[in-house]
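In: Give me coordinates for this.
(chains A and B)
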Amino acid sequence: MIELKDVRKHYRSGNLKSEVLRGVNLQVKKGEYVAIMGKSGSGKSTMLNLLGTLDVLDAGEYKLAGKSVHKMRRGKRVRLRNEEIGFVFQHFQLIPNLSVFQNVLLPLTYGRKRLGKKKGRVLTLLDEMGLLDKRNQKPDRLSGGEKQRVAIARALVNEPGLILADEPTGSLDEETTESILSVFDRVHEQGATIVVITHDLEVAERADRILRLHNGVLV
Amino acid sequence: MKLFTAFKLACFGLWSNRYRVLSAMTGVVIGMFAVIVLTAIAIGVKDTLMKQMGSLGAEQILVMPGRVLDTANGQKDILSGLTSVPSTLTYEDALALKDVPNVKTVTPQLETVNFVNYGDKTIQSAIVGTTDQYSRVQHAKLAEGRFFTKEEQFAEAKVVVVGNNIHDSLLGKNGVPEPEVNGSADVEETKTWWKRILDKLLGDNVSAQENSLVGQMITINKESFEVIGVLAPNATLGSSTDNNVVMPIETALVTTEMKNLTKMIVETSSLEVVDEVDGAVFNSLAANHSEIDFSVVKQDQMLGALGKVTSILQVMLVGITVTALFISGTGIMNVMVMSVRERTREIGIRKALGATTFEIMMQFFFETLLLCIIGGAIGIGLGYAIIEVWNSNIEIFALVLPMWAVKLALYTSVAIGSLVGIYPALKAASMKPSKALRFE
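Out: Numbers count the residues shown, from 1 in each chain, chains lettered A, B, ... in the order given. Below you'll find the model as predicted:
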C-alpha cells in the first residue's frame, strides 16, 4: 500500500537548513495497522504530511496504492488524497460552522463521484459511530470523543485505502481514548490500512507493527 | 467539483458567516444607495431645469436684463448673465418690439412682491404684471375660472389670476401656516386639531365661498381686485407659478408703481426667422438704450447653458460614484482578507480533504462577488424606496431613476466584486494545507 524509498525532507528558516527526514524507508502492506512513534521534533508530523500528500518530498520515492506520488503533478496528488487517504487529526479539524452531517460529507463534495447515493453512506457511518441523532448539530455542541468519531466517519466516507491518524487520542481522556481505539480496531478488522502517528505507547500497542522515528530515520 | 458546487459552497460560506458578511456588506449598500439617490437627484434636477428652461419654445426669444457675455468659443455665457442685475427694460421697449418684422407676440413680465389681503388673512406674494398671452407662453394651466382678456388688459381692469398656493393660503386650506405678516390670529389656528380634521373630512359641507376665491375681491396695495381665475398647481424647481398673483401689465404698472420689466418673451412668426428676428430685436432695443444692458437669448443658447449645468452635475456624480465605490470596494477587500485569515484552518481542512487550489479560489471569489451583488441590490432597493417616498411626499422636484442607472449600479457591483474578490481568493488558494492546518 505504502512504499517509501530513501525519502528526505528539509526546511529552511533564513540561512538555517534543518534536515527533518534523512532517508526514510518504509513499506506498509494493504490492511496493515502500523504505529510510528517518536519524540517531539523527531519528524512525525513531517512524515504524516508526506504520507498524506499535504507536502512534497525533497528526494526519494513515494508510492501509494501502486502510484508514484513523487512524480505526480499537484492536481493528481489532490485527487489521490481525496480518493485514497482519510485523515484523523489530534485536534479533530472539523469546520465549526458546518453540521456533523456536512463535515462528514465534505470529502464527497470535492470528489468526482455523484453525491446522491453517497449521502446514504454518510448516514450509515454516523449510525455506526452512534452519532445519527447528532447529525444536525454543530461540532461545538459535541464532546471530545464525539468530535473524534465524526472525524473518523469523515475519514472513512470516501472508502479510502489508507487512514492516516495523527495523535488521534492526544486530546482525549482515558475512557474516551479506549472507545476511539476500539473504533480503529473495528475499522482495521474491516480491512483498512491504518498508519497512526503517536508518542503514546498504549495507542501504538494496538497496531500490528511499531516503528520509531529517530533523528529523521525510521528504526 | 464543478463551478456550481463552488458557488453553492460560497452561498453557504456567506450564510455561515452572516454577521461578518452584514458588516462587510454595509459599505456596498451605502455606496450603491448613494449612487442611486445621487443619480436620481442629478437627473431629476437636470430634467426639471430642462423642462423649465426648455419651456422657452424653439420659436421664442427671451429678453432679459443684464449683459450676457460671449465665451471664448463664441457661445453666450448665460449662467454668468443669470445674476441679479437692475433691469432697464421698459414696457415701451416691449411695445416697440411689436413693430419688429416677423414678431408674432411680445409677452413682457413685471415682477414684484406685495401684500395680499383676503378677509382677515394677509400674505406676501409675487405680483406678476403681464399680457393675456402669459398662460399660453408660460404653459400655465387654469384650475378654475378664466385668464384676463386683451380688453381687460388695456382697460387696466382690476382683475387677477392667483397661483394655487396663494389661493389655498388665503382660504386657509394649507396645512402649513403661511407667512402671516400682520392682522388677527388665524381662525384655523384657534380650532382644535379634531375640528380641523372634521372640517377636512366634511369638506363638501363647506360653503362655496370657502372653497374658491373666484368671484371674490382681494386687496393688493390697498386696492381691490376681483379674482377671475386660479392657476393649476405647478410645483417646479425655482420658478413655480403657485405663489404668483398675475394681473394685466397695464394695471400692474399703475398699482405697483414699478417701471422696469423682469423679462420679455418674443414669439416669432416661424422657426425659420428666429435668427433674423433675434438680430432685429437686439437692434430695436439697442436703439432705445444708451448701452447694451440687456440680453437676447434663443432657445438653443439656453439649452447650451443647461448642458453646462448638467455637465457639472455629471462630473460631480462620477466623482461621488468613484469615491463611494472605492471606499466600499476597499472595505470589502479588507473584510474578505480578514475572513481568509480567520478561516485559514478551514482552508487547510478543505485542502486536506481534496479541495483543489482552483476550487478554494472560486469559493472565496464567489463569496466576494455574491456579497457585492447582494449588497448592491439592497442598496439599489433602499435607494428606490427613498426615491419613491420623496416623489410621493415632496413636490420641489421629482427624483428620476432611469433603468440605465439601475443596470449600471448592478454591473458596477459585479465589477467591484470581481475586482476586489481576486486578491482574497488568491490568498486563500495559495495556502499550503500542511501550514494552514497548524494555524492558531
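In: How about stretch A:31-43 and chain B, touching?
Out: No. Contact of stretch A:31-43 with chain B (Cβ under 8 Å from any Cβ of the partner chain) is absent, the minimum separation being 13.1 Å. Every residue, glycine included, has its C-beta placed from N, CA and C.
In: quick one: contacts of that stretch?
Out: A:1, A:9, A:20-21, A:28, A:44, A:47, A:184, A:188, A:191-199, A:201, A:203-216, A:218 (Cβ atoms under 8 Å, 6 or more residues apart in numbering or on different chains).
In: Please tell me I have it right and A:Arg55 contacts A:Asn49.
Out: Actually, residue A:55 is Asp rather than Arg. Yes. A:Asp55 is within contact range of A:Asn49, at 3.9 Å (criterion: Cβ atoms under 8 Å).
In: partners of the most centrally placed residue in chain A in the sheet?
Out: By Cα atoms, centre = their mean, chain A has its centre lying nearest to A:Leu164, at 2.1 Å. Taking DSSP bridges as the rule, A:Leu164 bridges to A:Phe87, A:Val195.
In: In chain A, which residue sits closest to chain B?
Out: A:Asn82 (2.6 Å; Cβ to the nearest Cβ).
In: mind listing what that residue touches?
Out: Counted by Cβ under 8 Å, 6+ apart, A:Asn82 has contacts A:Pro107, A:Tyr110, A:Gly111, A:Asn158, B:Leu353, B:Gly354.
In: Give the closest residue to B:Leu3 in space, chain neighbours not counted.
Out: Leaving out its chain neighbours, the residue that sits closest to B:Leu3 by Cβ to Cβ, 6 or more residues apart in numbering or on different chains is B:Met362, at 6.3 Å.
In: and the helix or strand hosting the one you found, what's its mean pLDDT?
Out: Assigned by DSSP states H and E, B:Met362 belongs to helix B:357-393. Averaging pLDDT along helix B:357-393 gives 90.
In: following that helix, which helix or strand shows up next?
Out: helix B:403-429.
In: that older thread, with B:Thr356 as the reference, measure out to the residue nearest to B:Leu3.
Out: Between B:Met362 and B:Thr356 the computed distance is 9 Å (Cβ to Cβ, to the nearest Å).
In: and if you look at B:Val214?
Out: 82 Å.
In: give me every residue that touches the residue nearest to the centre of chain A.
Out: Per Cβ under 8 Å, 6+ apart, neighbours of A:Leu164: A:Leu48, A:Leu51, A:Gly52, A:Ile85, A:Gly86, A:Phe87, A:Val88, A:Val195, A:Ile197.
In: so what secondary structure elements neighbour the helix or strand containing B:Lys308?
Out: In the assignment (DSSP H and E), B:Lys308 maps to helix B:299-342. Packing partners of helix B:299-342 (3 or more Cβ pairs under 8 Å, 6 or more residues apart in numbering or on different chains; DSSP states H and E): helix B:18-53, helix B:78-81, helix B:357-393, helix B:403-429.
In: ok, the last one near chain A or not?
Out: Read that as helix B:403-429. No. Helix B:403-429 lies apart from chain A when judged by Cβ under 8 Å from any Cβ; the minimum separation is 11.6 Å.
In: Counting by contacts, list what that helix packs against.
Out: So helix B:403-429, by 3+ Cβ pairs under 8 Å, 6+ apart, packs with helix B:18-53, helix B:299-342, helix B:357-393.
In: May I see these organised as TSV, with mean neighbour count added?
Out: Supplementary listing: those in TSV, determined by neighbours: other Cβ atoms under 10 Å in any protein chain shown:
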stretch	mean neighbour count
helix B:18-53	20
helix B:299-342	17
helix B:357-393	20
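In: Which one, of the ones you listed, ends up nearest to A:Arg74?
Out: helix B:357-393 (7.3 Å; Cβ to Cβ).
In: Compute the distance from the centre of the closest one to the centre of its chain.
Out: Centroid separation between helix B:357-393 and its chain, computed with Cα atoms, centre = their mean, to the nearest Å, is 27 Å.
In: Show residues contacting stretch A:46-53.
Out: Here stretch A:46-53 has contacts from A:2, A:4, A:7, A:9, A:20-21, A:24, A:36, A:54-57, A:62, A:64, A:69, A:77-78, A:80-81, A:85, A:87, A:162, A:164, A:166, A:195, A:197, A:213, B:352, B:434, using Cβ under 8 Å, 6+ apart.
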